[in-house]
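Student: Below are the sequence and a predicted model; questions follow.
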Amino acid sequence: MEPPNKHSRSNDEPTMSQSLPDLSTLPESVLVHILSFMDPKEAIQTCVLSKQWRNLWTCIPSLNFDKRVFKGTGAAFVHFVTNMLYFRGASKLHTFRLYWQASQQKVSTCSEEICQIHVSAARAWIFSALSCKPVVISLNLQGFTNLKLPHALFTCASLEQLKLYVFKNNEEDVLPKYVNLPNLKKLRLRSFTLNNPVMQGILSGCPLLDKLFLCGCSLNFSEMKSDLVREFIIVNSRGSGVVEICMPNLVSLYLVNDFPRLTKLYLKNTPSLVNMFVCYRRFVEYYISGT
């Protein structure tokens, strides 16, 4: 009798295919959750696996469209995103992220018609996302000169988090003076011009705002008043000469890097302030009262 092969596998030992879980046995909610971690293009491709997977991608609660990782032209990107949003219909959407940067060179060389098509597509995608009552929206759109954000973006009752980076080649304002976001808790703005009417419109129109983050903005306002903001962060922004902050529930305040023209900072009525971090390249006077 020949000795058993030391590399042979016993009948009771499971093979690799047997040891792997059968995804088809998992609940649909679990499968959709798995798809939400995949690239949108890869998630759609799972529809060919079986009938069970055919329409699962339409239920993905988080959509992340990033032109940087998309393999294809701008036209192909527009076609893909437009079709995906169309065929998923009004399925519930928790998070919508869009990163699309048109470089200075490409904007100057492309035809006006193509640029307008891209701008119209971006607006249509935002409208489509808003119709699904999202909780989180993150937009990073740079270089689209004629882009105007839909007003519906600033009156969406379902939004709890909003991140906006819309850098334009002209000085036209893209933020409205009227804002009505009753459930917004976190707001992050980058590269915006914020004057008194716009800033007060944001604060008064977001009654539940808890965290406010401003990065690379032009702060052309003299006062900040909010009863609910607990965390206020300003990074690499240009400030006006004197700024007064009146936030009775403010717990943490972070002011980082250069603030040209900002000479005085008044913290008025900030009794809850616990954490304060100030980092400047130049000296700025600050006064704390009513604490």
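Tutor: Right, received. Where do you want to start? Numbering: from 1, shown residues only.
Student: how about the strands in the stretch 101-250 of the chain?
Tutor: 136-142, 161-167, 186-190, 193-195, 211-215, 218-220, 223-225, 231-235, 238-239, 242-246 (DSSP state E, counting those that start in this stretch).
Student: Put together CSV for these, with mean pLDDT and distance to residue 180 on each row.
Tutor: Placement of C-beta: from N, CA and C, glycine included. Formatted as CSV, the strands of the stretch 101-250 of the chain follow (pLDDT from 0 to 100; distance: least, CB to CB, whole Å):
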stretch, mean pLDDT, distance to residue 180
strand 136-142, 94, 15
strand 161-167, 90, 13
strand 186-190, 96, 13
strand 193-195, 87, 18
strand 211-215, 95, 17
strand 218-220, 84, 23
strand 223-225, 87, 18
strand 231-235, 92, 21
strand 238-239, 75, 27
strand 242-246, 83, 22
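Student: mind checking which of the ones you listed is nearest residue 83?
Tutor: Closest approach to residue 83 among the strands of the stretch 101-250 of the chain (CB to CB): strand 136-142, 19.8 Å.
Student: circling back to that earlier point, distance to residue 118 and mean neighbour count added to the strands of the stretch 101-250 of the chain, as CSV?
Tutor: Listed next are those as CSV, based on distance: least, CB to CB, whole Å; neighbours: other CB atoms under 10 Å:
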stretch, distance to residue 118, mean neighbour count
strand 136-142, 10, 19
strand 161-167, 14, 18
strand 186-190, 20, 19
strand 193-195, 23, 18
strand 211-215, 25, 19
strand 218-220, 26, 17
strand 223-225, 35, 18
strand 231-235, 29, 18
strand 238-239, 29, 18
strand 242-246, 37, 18
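Student: nearest to residue 77, of those?
Tutor: That would be strand 136-142 among the strands of the stretch 101-250 of the chain, by CB to CB, at 12.8 Å.
Student: So which helix or strand of the chain has the lowest pLDDT on average?
Tutor: Least confident element among the helices and strands of the chain, by mean pLDDT, DSSP states H and E: helix 16-19 (a mean of 44).
Student: Could you say which one of the strands of the stretch 101-250 of the chain comes nearest to residue 64?
Tutor: Nearest to residue 64, of the strands of the stretch 101-250 of the chain and by CB to CB, is strand 136-142 at 8.7 Å.
Student: low-confidence ranges in the stretch 101-250 of the chain?
Tutor: 103-113, 168-173, 240-241 (pLDDT under 70).
Student: Could you export the strands of the stretch 101-250 of the chain as a markdown table, including distance to residue 77?
Tutor: What follows is those, written out as a markdown table (distance: least, CB to CB, whole Å):
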| stretch | distance to residue 77 |
| --- | --- |
| strand 136-142 | 13 |
| strand 161-167 | 18 |
| strand 186-190 | 22 |
| strand 193-195 | 29 |
| strand 211-215 | 26 |
| strand 218-220 | 31 |
| strand 223-225 | 38 |
| strand 231-235 | 30 |
| strand 238-239 | 33 |
| strand 242-246 | 41 |
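Student: For residue 70, find the nearest of these.
Tutor: Short answer: strand 136-142, nearest of the strands of the stretch 101-250 of the chain by CB to CB, at 13.8 Å.
Student: Dump that closest one to PDB, restricted to CA.
Tutor: Output of strand 136-142 as PDB, limited to C-alpha atoms (Å, rounded to 0.1, in the frame of the first residue of the first chain):
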ATOM      1  CA  VAL A 136     -25.300  64.300   2.700                       C
ATOM      2  CA  ILE A 137     -24.100  66.300  -0.400                       C
ATOM      3  CA  SER A 138     -20.500  67.000  -1.200                       C
ATOM      4  CA  LEU A 139     -19.700  69.000  -4.400                       C
ATOM      5  CA  ASN A 140     -16.200  69.800  -5.600                       C
ATOM      6  CA  LEU A 141     -16.600  71.600  -8.900                       C
ATOM      7  CA  GLN A 142     -13.800  73.800 -10.200                       C
END
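Student: Now the longest helix seen in the chain: buried residues?
Tutor: Counting residues, the longest helix in the chain under DSSP state H turns out to be helix 112-130. Buried residues in helix 112-130, defined by neighbour count with 16 or more other CB atoms under 10 Å: 115, 118, 119, 121, 122, 123, 124, 125, 126, 128, 129, 130.
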